[in-house]
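In: turn this into a model:
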Amino acid sequence: MRTLRLAGIGGILAYRALFNWTSPSLFIGSLMAAPVFQLLFFVYLGREIGVADDNFYVLGNVLLAATGACVTGGTMAIANERRYGTLGPVLLSPRSRIALWGGRALPYVGNAFLIMTFTLACAAVTVGLRMPASGIPGLILALLAASLSGTAFGIVIGSLGLRVSNTM
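Out: Numbers count the residues shown, from 1 in each chain. Prediction:
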């Protein structure tokens, strides 16, 4: 129970500290609106050149929408700990490393899943995405896998960035 509490509360506090300076308009513009406009661009471009149907472009862009949120977030979870001087105390604490870094990763996984779901809903409204009900569990599993793997990749990049002067 203490490990879950550490992961949950520690992750939320680290996420809030990282995004405390942003305004809701910046969050909505960069993480919600930009993926939708990117999706629309590629769907209409795909329609024009006729390479594949709309579902190909929609699902590809929905998965791509998570990269900005989870890869950058996972990287910055470690890079900002180093930048603001809190990495040492975090690493020296006697707590479980899995709980510490897993807790920092969970908000980015949830954020990416939210962005992908929002982008998918916008695609259903704007370009008429049709999905059979039998495909929804597989889609949710793919969205979760993309969120988890993207965040894990971001944490690996952030870890590797500890050896260089600039993580990005």
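In: and residue 77, what element?
Out: The secondary structure element spanning residue 77 is helix 54-83 (assigned by DSSP states H and E).
In: and the helix or strand following that helix, average pLDDT?
Out: The first helix or strand that comes after helix 54-83 along the chain, using DSSP H and E, is helix 87-92. Across helix 87-92, pLDDT averages out at 80.
In: show me what helix 87-92 is packed up against.
Out: Judged by 3 or more Cβ pairs under 8 Å, 6 or more residues apart in numbering; DSSP states H and E, helix 87-92 is in contact with helix 54-83. Yep, even glycine has a C-beta here, placed from its N, CA and C like the rest.
In: same thing but 10 Å
Out: Counting contacts by 3 or more Cβ pairs under 10 Å, 6 or more residues apart in numbering; DSSP states H and E, the secondary-structure elements packed against helix 87-92 are helix 54-83, helix 97-126.
In: okay, angle between the last one and helix 54-83 too, please.
Out: Interaxial angle, helix 97-126 versus helix 54-83 (axes from the mean of the first three to the mean of the last three Cα atoms, to 10 degrees): 150 degrees.
In: any buried residues in helix 97-126, and which?
Out: 99-113, 115-116, 118-120, 122-123 (16 or more other Cβ atoms under 10 Å).
In: again, but for the first one
Out: Going by neighbour count (16+ other Cβ under 10 Å), the buried part of helix 54-83 is 54, 57-59, 61-81.
In: do the same with stretch 43-50
Out: In stretch 43-50, the ones that count as buried by 16+ other Cβ under 10 Å are 43, 46.
In: pull the residues that contact that stretch.
Out: Outside stretch 43-50, the residues that touch it by Cβ atoms under 10 Å, 6 or more residues apart in numbering are 51-58, 60-61, 123, 126-127, 129.
In: would you reformat the residues you listed as JSON lines and include pLDDT and distance to residue 4?
Out: Output for those, formatted as JSON lines (pLDDT from 0 to 100; distance: Cβ to Cβ, whole Å):
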{"residue": "51", "pLDDT": "83", "distance to residue 4": "47"}
{"residue": "52", "pLDDT": "84", "distance to residue 4": "43"}
{"residue": "53", "pLDDT": "84", "distance to residue 4": "43"}
{"residue": "54", "pLDDT": "85", "distance to residue 4": "41"}
{"residue": "55", "pLDDT": "85", "distance to residue 4": "38"}
{"residue": "56", "pLDDT": "87", "distance to residue 4": "40"}
{"residue": "57", "pLDDT": "88", "distance to residue 4": "39"}
{"residue": "58", "pLDDT": "89", "distance to residue 4": "36"}
{"residue": "60", "pLDDT": "88", "distance to residue 4": "35"}
{"residue": "61", "pLDDT": "88", "distance to residue 4": "34"}
{"residue": "123", "pLDDT": "91", "distance to residue 4": "35"}
{"residue": "126", "pLDDT": "91", "distance to residue 4": "39"}
{"residue": "127", "pLDDT": "89", "distance to residue 4": "40"}
{"residue": "129", "pLDDT": "83", "distance to residue 4": "36"}
